[in-house]
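1. Could you look at this predicted model? Sequence included:
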Amino acid sequence: MSDISVTGAGRMPLHTKMLIGFVVGTVAGIAANLLVGDAPWLDTLVTYVTDPVGQLFLRLLFMIVVPLVFSALVLGVVEIGDPASLGRIGIKTLLWVLLVTSIAVTIGLVMVNVVRPGIGLDPTLVAGLMEQSSARATEISAAREGVSGLDVLLNIVPRNPVQAAASGDLIAVMFFALMFGIAATVLRTDGTRSFVAATQGVYDICLKLIGWIIALAPYAVAALLFSITARLGLPMLWMLAKFVGTALAALGIHFFIVFPILLWTLGRMSPLAFFRGAQPALLTAFSTSSSSASLPTTLKVAVDNLGVPRRVARFVCTLGATANMNGTALFEGVVVLFLAQLFGVDLSLPQQVMILMLCIFGSIGAAGVPGGSLPVIAMILAMFGIPPEGIGIILGVDRLLDMCRTVVNVGGDMVGSVVIGRSEEGVVDSDAASLAGSTVGDPLATPRA
Ligand code: ASP
């Protein structure tokens, strides 16, 4: 996936710039908080300079979320549902994505509820922060106010998809996209084929735009972090460390406990053999932070090292690069709950179930590129009345977490291809390279990204 560069405009890699932005914004903000915390000019600086810069970045993220989610989901469904291309494997893949992603998000949500990394900040500081953004948050979440129980489920189906998109009702947009994709798959005419081709164009353009927007991230990170730490001071950093620890622990549980159990029971493959064989793809995922960029390696490794039949690997891993993102879904859940705790937004159990569903669909809709889940997270936050600028708090440490969740995403694609390959052929085993060798053609053919 070369559309999204992992380097900035200059020679310095983007993640290094983001880290610098994080450090500069945080150190300057804390220094300002400690030295001149009460000075009126600091308030002016935050209100008229750093806040607007951060807002600009958030607005750009919001701008692409609807076309991105719509096009990615339509294309995902069309790929799964094409009768000529493995309809049965499509259903198994869909079930796999839904089941394993649900497990991942549940782990994330339980971890945040148990560890409570966002609890403990001085309520008056949080109230101040909430006040800054309450108008915007209220406006965006107004459509969802007073909605509960059965309404929450009914609201998944939009009365008017354009209105749903306009009011930021992401799950209704997703439902509409899924229905559109299914119809476009069932009805194969010249018209629907051109629609799918045009949708692919929209998706590609969205990826390009994400690349440009993410290039602004270092400056936005510095601005957002300055605004937040200048107002809140040191306690914010301790909170951040707890957040990173919680997210990494949850990702670790999914990767080192859930995957091995699935491999043992459903894939009948030794987890050790899996990790040894999958290593090149996992390392690529770690270093690029992009499922799409890792796809050629993932395909090659699944076929050559894990013995997955080529047709199964191509279908499951290609689709998985955009649609099966266990680590991303888990991370989305952790971020949303963490920021809800931080900003004192109470989320009931039904709301958390709603978040679980949004994270599953949100991970399907997220692009497999560095930071691909950020627009989706910003939108989910707004839907629940959590200030979206909270995303600035996690952006500075996002690179490390992105690297780790992409490893879990790509690992999940390979585990899925092993399990589905096993169920299809009954010949997948840890030493099946020779078996697979006979079917290895060009494993890099036709990846969509
Ligand atoms: N970087 C992730 C991936 O490519 C997506 C994300 O969670 O931002 O898999």
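-> Looks like it arrived, so ask away. Every value quoted in this text rests on a predicted model; they were computed, and no experiment measured them.
2. What residues sit buried inside the helix ranked longest in the chain?
-> Identified as the longest helix of the chain according to DSSP state H is helix 51-81. For helix 51-81, the buried set under the neighbour-count rule, 16 or more other C-beta atoms under 10 Å, comprises 51, 53-55, 57-58, 60-62, 64-81. C-betas here are computed from N, CA, C, even on glycine.
3. near the ligand, anything from it?
-> No - if you take C-beta under 6 Å from any ligand atom as the test, helix 51-81 misses the ligand, and the best it gets is 11.7 Å.
4. Determine the next helix or strand in the C-terminal direction from that helix.
-> On the C-terminal side of helix 51-81, the closest following helix or strand by DSSP states H and E is helix 87-115.
5. In terms of secondary structure, what does that following helix contact?
-> Here helix 87-115 is seen to pack against helix 51-81, helix 235-253, helix 310-323, helix 326-342, helix 349-365, helix 398-425 when contacts are counted using 3 or more C-beta pairs under 8 Å, 6 or more residues apart in numbering; DSSP states H and E.
6. By mean pLDDT, flag the weakest helix or strand of the protein.
-> Taking mean pLDDT, DSSP states H and E as the measure, helix 433-437 is the helix or strand of the chain with the lowest mean score, a mean of 36.
7. where's the closest residue to Ile394 other than its chain neighbours relative to the ligand, distance?
-> Nearest residue to Ile394, sequence neighbours excluded (C-beta to C-beta, 6 or more residues apart in numbering): Val335, at 6.0 Å. Computed as C-beta to the nearest ligand atom, to the nearest Å, the Val335 to the ligand distance reads 10 Å.
8. what's the neighbour count on Val335?
-> Per other C-beta atoms under 10 Å, the neighbour tally for Val335 reads 29.
9. Might one say that it is in contact with Val376?
-> No - under the criterion of C-beta atoms under 8 Å, Val335 makes no contact with Val376, lying 10.2 Å away.
10. Identify the contacts common to the two.
-> By the contact definition C-beta atoms under 8 Å, 6 or more residues apart in numbering, Val335 and Val376 are jointly contacted by no residue.
11. still on that earlier bit, what mean pLDDT does the longest helix of the chain get?
-> Regarding helix 51-81, the rounded mean pLDDT is 79.
12. What parts of the stretch 151-300 of the chain come near the ligand?
-> Counting by C-beta under 6 Å from any ligand atom, the stretch 151-300 of the chain comes close to the ligand at Ser289, Ser290, Ser291.
13. which regions of the protein lie under the pLDDT threshold?
-> Across the chain, residues meeting the criterion (pLDDT under 70) sit at 1-11, 15, 80-87, 121-153, 168, 170, 236, 396, 425-449.
14. one more time with 50
-> 1-9, 86, 133-149, 426-449 (pLDDT under 50).
15. Find the residue at the geometric middle of it.
-> When the chain is reduced to its mean C-alpha position, the nearest residue by C-alpha atoms, centre = their mean turns out to be Ser373, at 3.1 Å.
16. State the distance from that residue to the ligand.
-> When C-beta to the nearest ligand atom is the yardstick, Ser373 and the ligand sit 4 Å from each other.
17. Tell me if I'm right that that residue and Phe331 touch.
-> Yes - with contacts defined as C-beta under 8 Å, Ser373 counts as touching Phe331 at a distance of 6.6 Å.
18. joint contacts of the two?
-> Arg405.
19. Where does the residue nearest to Thr298 when sequence neighbours are not counted sit, in terms of helix or strand?
-> Nearest non-adjacent residue to Thr298, counting by C-beta to C-beta, 6+ apart: Ala281, 4.4 Å away. Taking DSSP H and E as the criterion, Ala281 maps to helix 271-288.
20. Hey, what's the angle from that helix to helix 398-425? Just curious.
-> With axes from the mean of the first three to the mean of the last three C-alpha atoms, to 10 degrees applied, the angle from helix 271-288 to helix 398-425 works out at 140 degrees.
21. next SSE after helix 271-288?
-> For helix 271-288, the succeeding helix or strand toward the C-terminus, using DSSP H and E, is helix 291-304.
22. helices or strands up against that next one?
-> helix 271-288, helix 310-323, helix 398-425, helix 433-437.
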